[in-house]
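Asker: got a sequence here, can you build the structure:
(chains A, B and C)
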Amino acid sequence: MTDHIVSKKTYALIFATLLVLTGVTTAIGYVDLGRMNVVVALAIAAFKGVLVVLFFMHLAYSRRLTQLTIVAAFLWLSLLIALTLADIWSRGWIVGTGK
Amino acid sequence: MVTATQATRENYLNVNYGVKSWLLTEDHKRIALMYLVAITFFFFLGGAFATLIRLELLTPQGDLVSSHTYNKLFTLHGIIMVFLFLIPAIPATLGNFLVPIMLGAKDLAFPKINLASWYVFMIGGLFTMYAMLAGGLDTGWTFYTPLSTAYSNGYVVTTGVGIFIIGFSSIMTGLNFIVTIHRMRAPGLTWFRLPLFIWSMYATSLIMVLGTPVLAVTILLLAVERLFGLGIFDPNRGGDPVLFQHLFWFYSHPAVYIMVLPAMGVVSELVCAFSRKKVFGYNFIAFSSVAIAVLGFLVWGHHLFVAGQSVYAGMIFSFLSFMVAIPSAVKVFNWTATLYRGSISYQTPMLYAFGFIGLFTIGGLTGLFLATLGLDIHVTDTYFIVAHFHYIMVGGTLMAYLGGMHYWWPKMTGRMYPEGWSKLSALIVFLGFNLTFFPQFILGYLGMPRRYHAYPEEFQVLNVMSSAGASVLAVGYLLPMVYFIWSLRYGKVAPDNPWGASGLEWQTTSPPPPENFETTPVITREPYIFDPPVPEEVKVG
Amino acid sequence: MASGTRTLALRHQFASAEQQKDASTLGMWIFLVTEIMFFGGMFCMYTVYRSLYATAFGAGSNHLDVTLGAVSTVVLIASSFTMALAVNSAETGNRRALITNLIITILLAAGFLVTEMWEWYQLHQEHLMPGSGFRFEGPDPGHVQIFFSMYFSMTGLHASHVLIGIGLLTVTAIRAARGTFPAGYSTPIEIAGLYWHFVDLVWIFLFPLYYLVARHAAHG
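Answerer: Below is the predicted model:
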């Protein structure tokens, strides 16, 4: 871990950004974007999450191994979700008919 | 050469005495022994349930116990053997003992967490035993919903809590190993100079850390649904019982690699030591451990082929299951190539290693049969499956565990076990094992279902063979209990390196001092270099 | 040994203070990996059920109080901010600021829990707690019950983590007040902070996934 001390100003900036994004995501929730609603909501949440992880949790200043560790965790979670959905979404399909 | 002073030199066993010095120890070697005692107890408890199962199956009628009791027998056999024996066996005993020593470190990164993991394990074990004594569980070790959530009258929640707690012990061990291996290697010990046992413990720890939490949350949800009537697995409200199976097997398939990877690590060490030869294809074996850990997470759907999973998902999982066999096969090829032109000696640890290679190969090949969608439909939920996984877990993991125990026993205790008795036991185990489980392949192929306490007349002969084999196997397991304990008092005092093997653990005393080494070792070369044996070091078996 | 004394000596298994700090930090990150997979199992279930029962999830979501949800989110993000400030105080050797920031974080966390309990109480009064008392007038009550099962399971698990976090931060604050940490030694606060930020991170995802499913449909 480097001895880099993140300034209070940086923290305040990130905090303000997170508040703004919270407002944005709430407001957009009232707009009907069809299927894009969940995509936008997740994108904003992911961006907020990245800010927390990189700056509040100092991942941007951490060793390579630490960064790899968190990437691995999210990758594993996405494997769980992806392969489970592969089953759920293809349940109704009938082999050989192309449906 | 063993001198009188060596036997009384300060080591981790005699540095202090008293129950408190053990129960409050932070020494990874003592914690390893405490785990050893615990898992041995649980092994024999699980074995007791197996005995009752095989007794019932001597006759085609369900005449020893009722079907309800039989359900509890195989459930408890599975739960105890999987969670309280197989998963911790090699990592928590041999791993805890050897990982710091093989790294040239004084202890693991977090000794207090290590001690806590043992207490957590014991508490989880006690919960499970309480559930067992209070009346047991009949859902199978797999806890499938909606039986477990809505219909079972057994102690689902209590057992679930026990397993939830045991899971944390696993996570703590894995976390400790990963940090220790990354951050506490001795000077000069680069990744590709590590013993293969360490690579396999590392891969195992990755699985423990990534998989166990999913089991924990699944059991938590199961308990909450059962207690509060939630409905997430209730088909009447739109819940999907197959979703439970997805989440359960996401952990439980990688769990079998938690059981087998450490065993493979042990076998790598044994094969090199007893053929006195550098391992063939070190990099391939090292990478194959990590590959098994990674690929092992992608195949869980092969447990759901007939559960209602979509055929398309089934095809994906089938393909991935074929892939995961490849790194395992790589290991078997490389061990065989290591043996070629080696200077092989047939001491007990090596006998167990040979047993592993043969039996694991059979178990693994039958796994390929099961990965084949069409064939699996025919043999799923039959004794073919039971035989398959027992070949790997008993013929594989348990054999490697025994081989490792014999190999490192002199290091851990400073005593030699009696070689004649140990060879006899190994032979009895091998014969008993095959007599018990080979007939089960045939039974399964002929259609005998698993988890049934009664069966058609025509299956009796094979079942009697299997039960007979089990009694032989029991003898094979009891003998080491006797002679290992005997050796603590009467066994020959062991030298630092009775096998003439290479590896940091053999550079220190038997047993090691509390901080493992007199001075921190510096590593300058790759592992498995065998100098010509010195006469005092080599024990001719 | 070092435990129980007023200074944090180098533990015997480590070769240097830097190695000890590296190991402790990596250890906490790996613990967070297990937490990601722990919550992740529930996120997986949520994903499956939302994809199957999107309308029912929307209907259920609109029974949640979005104002309370948004306020909770702001409170928790603020607590993350004050936690980061606490770490900064520890790094710069400012003990008073460290303790103050920790106390504010704890208070904000407690505030979050109070808001949460209030929300749960409201839902209970509306008979939306899953189980035998559940009543929903509208289509697909079974699927809506699943929404609320997931809601209570995930927010409940999250709340238990907030509670544990409050305990952890309280212990840290007490140790700081006792002078256990030498000036500039920030590792224990950083590690507590990692845990706390993770708790915030989970809620950052829970809020839109539960409160903002179909707000546009709630109008009119």
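Asker: only C-alpha atoms from now on, for both contacts and neighbour counts.
Answerer: Will do.
Asker: show me what from the stretch 51-200 of chain B comes close to chain C.
Answerer: Applying CA under 8 Å from any CA of the partner chain, we find that the stretch 51-200 of chain B lies next to chain C at B:A105, B:K106, B:D107, B:L108, B:A109, B:I171, B:L175, B:N176, B:V179, B:T180, B:R183, B:M184.
Asker: what does chain A put close to chain B?
Answerer: Counting by CA under 8 Å from any CA, chain A sits next to chain B at A:73, A:76, A:79-80, A:83-84, A:86-88, A:90-93, A:95.
Asker: residue ranges with poor pLDDT in chain A?
Answerer: Where chain A drops to pLDDT under 70, the residues are A:1-3, A:95-99.
Asker: which residue does it have closest to chain B?
Answerer: Of all residues in chain A, A:R91 sits closest to chain B, at 4.5 Å by CA to the nearest CA.
Asker: leaving aside the residues next to it on the chain, what's closest to that residue?
Answerer: Using CA to CA, 6 or more residues apart in numbering or on different chains and skipping the chain neighbours, the partner closest in space to A:R91 is B:S310 (4.5 Å).
Asker: as PDB, could you dump the C-alpha coordinates of stretch B:402-412?
Answerer: Extracted C-alpha coordinates of stretch B:402-412, given in PDB (Å, rounded to 0.1, in the frame of the first residue of the first chain):
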ATOM      1  CA  LEU B 402      -3.400 -41.000   4.600                       C
ATOM      2  CA  GLY B 403      -0.300 -40.900   2.400                       C
ATOM      3  CA  GLY B 404       0.400 -37.400   3.500                       C
ATOM      4  CA  MET B 405      -0.200 -38.300   7.200                       C
ATOM      5  CA  HIS B 406       2.300 -41.100   6.900                       C
ATOM      6  CA  TYR B 407       4.800 -39.000   5.000                       C
ATOM      7  CA  TRP B 408       4.800 -36.000   7.400                       C
ATOM      8  CA  TRP B 409       4.000 -37.900  10.600                       C
ATOM      9  CA  PRO B 410       7.800 -38.100  11.500                       C
ATOM     10  CA  LYS B 411       8.000 -34.300  11.000                       C
ATOM     11  CA  MET B 412       4.900 -33.500  13.000                       C
END
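Asker: and the contacts of it?
Answerer: B:29, B:94, B:97, B:266-267, B:270, B:348-353, B:415-417, B:494-496, B:498, B:505-506, B:509-512 (CA atoms under 8 Å, 6 or more residues apart in numbering or on different chains).
Asker: in helices, which of the residues you listed fall?
Answerer: The members of these that map onto helices under DSSP state H are B:K29, B:F97, B:V266, B:V267, B:L270, B:T348, B:P349, B:M350, B:L351, B:Y352, B:A353.
Asker: out of those residues, which comes closest to chain A?
Answerer: So of the ones in helices among the contacts of stretch B:402-412, ranked by how close each gets to chain A (CA to the nearest CA), first place is B:F97, at 25.8 Å.
Asker: counting neighbours, what do you get for the closest one?
Answerer: 25 (other CA atoms under 10 Å in any protein chain shown).
Asker: quick one: it and B:Y35 touch, right?
Answerer: No - B:F97 is beyond contact range of B:Y35, at 10.2 Å (criterion: CA atoms under 8 Å).
Asker: for the residue of chain A closest to chain B, which residues are in contact?
Answerer: Neighbouring residues of A:R91 by CA under 8 Å, 6+ apart: B:Q309, B:S310, B:V311.
Asker: quick check: the second one touching A:L85?
Answerer: In other words, B:S310. No - under the criterion of CA under 8 Å, B:S310 makes no contact with A:L85, lying 10.4 Å away.
Asker: residue in chain C nearest to chain A?
Answerer: As assessed by CA to the nearest CA, chain A sits closest to C:H216 within chain C, at 4.1 Å.
Asker: would you mind giving the secondary structure of that residue?
Answerer: Assigned with DSSP: H, G, I helix; E, B strand; the rest coil, C:H216 falls in the helix class.
Asker: pull the contacting residues for it.
Answerer: Counting by CA under 8 Å, 6+ apart, C:H216 has contacts A:G29, A:Y30, A:V31, A:D32.
Asker: repeat that for B:I198.
Answerer: Taking CA under 8 Å, 6+ apart, we find B:I198 in contact with B:V99, B:M102, B:I181, B:G265.
Asker: before we move on, what SS does it have?
Answerer: Using three-state DSSP, the structure places B:I198 in helix.
Asker: read off the pLDDT value for it.
Answerer: As predicted, B:I198 sits at a pLDDT of 98.
Asker: right, and B:L94 touches B:A32 too?
Answerer: Yes - the criterion here is CA under 8 Å, and B:L94 meets it with B:A32 at 6.9 Å.
Asker: low-confidence ranges in chain C?
Answerer: Residue ranges of chain C with pLDDT under 70: C:1-8, C:219-220.
Asker: can you show me the helices along it?
Answerer: Using DSSP H, helices in chain C cover C:17-52, C:54-61, C:66-91, C:95-125, C:141-177, C:187-211, C:215-218.
Asker: so between B:S310 and A:L85, which is more surrounded?
Answerer: Set B:S310 next to A:L85 and count neighbours by other CA under 10 Å: B:S310 wins out with 22 against 19.
Asker: can you report phi and psi for the more buried one?
Answerer: Here is the backbone geometry of B:S310 (degrees, to the nearest 10): phi -70, psi 150.
Asker: so it versus A:W89, what's the distance?
Answerer: Plainly put, B:S310 is 9 Å away from A:W89 if you go by CA to CA, to the nearest Å.
Asker: please save the CA atoms from stretch C:177-192 in CSV.
Answerer: In CSV, the C-alpha atoms belonging to stretch C:177-192 read as follows (Å, rounded to 0.1, in the frame of the first residue of the first chain):
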residue,chain,number,x,y,z
ALA,C,177,-9.8,7.7,22.7
ARG,C,178,-7.6,5.5,24.9
GLY,C,179,-4.6,6.4,22.8
THR,C,180,-4.0,2.9,21.6
PHE,C,181,-3.0,4.1,18.2
PRO,C,182,0.4,5.8,17.8
ALA,C,183,0.2,9.1,15.9
GLY,C,184,0.0,8.4,12.1
TYR,C,185,-0.8,4.7,12.6
SER,C,186,-3.9,4.5,10.5
THR,C,187,-4.1,0.8,9.6
PRO,C,188,-6.9,-0.3,12.0
ILE,C,189,-9.0,2.7,11.0
GLU,C,190,-8.4,2.1,7.3
ILE,C,191,-9.4,-1.5,7.7
ALA,C,192,-12.6,-0.5,9.6
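Asker: any buried residues in that stretch, and which?
Answerer: Residues of stretch C:177-192 classed as buried: C:T180, C:F181, C:Y185, C:S186, C:T187, C:P188, C:I189, C:E190, C:I191, C:A192 (neighbour count, 16 or more other CA atoms under 10 Å in any protein chain shown).
Asker: between these, which sits nearest C:A54?
Answerer: Nearest to C:A54 among the buried residues of stretch C:177-192: C:A192, at 37.5 Å, using CA to CA.
Asker: thinking again about what came up before, how about the ones in helices among the contacts of stretch B:402-412 in JSON lines, adding pLDDT?
Answerer: Below are these laid out as JSON lines (pLDDT from 0 to 100):
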{"residue": "B:K29", "pLDDT": "97"}
{"residue": "B:F97", "pLDDT": "98"}
{"residue": "B:V266", "pLDDT": "98"}
{"residue": "B:V267", "pLDDT": "98"}
{"residue": "B:L270", "pLDDT": "97"}
{"residue": "B:T348", "pLDDT": "97"}
{"residue": "B:P349", "pLDDT": "97"}
{"residue": "B:M350", "pLDDT": "98"}
{"residue": "B:L351", "pLDDT": "98"}
{"residue": "B:Y352", "pLDDT": "98"}
{"residue": "B:A353", "pLDDT": "98"}
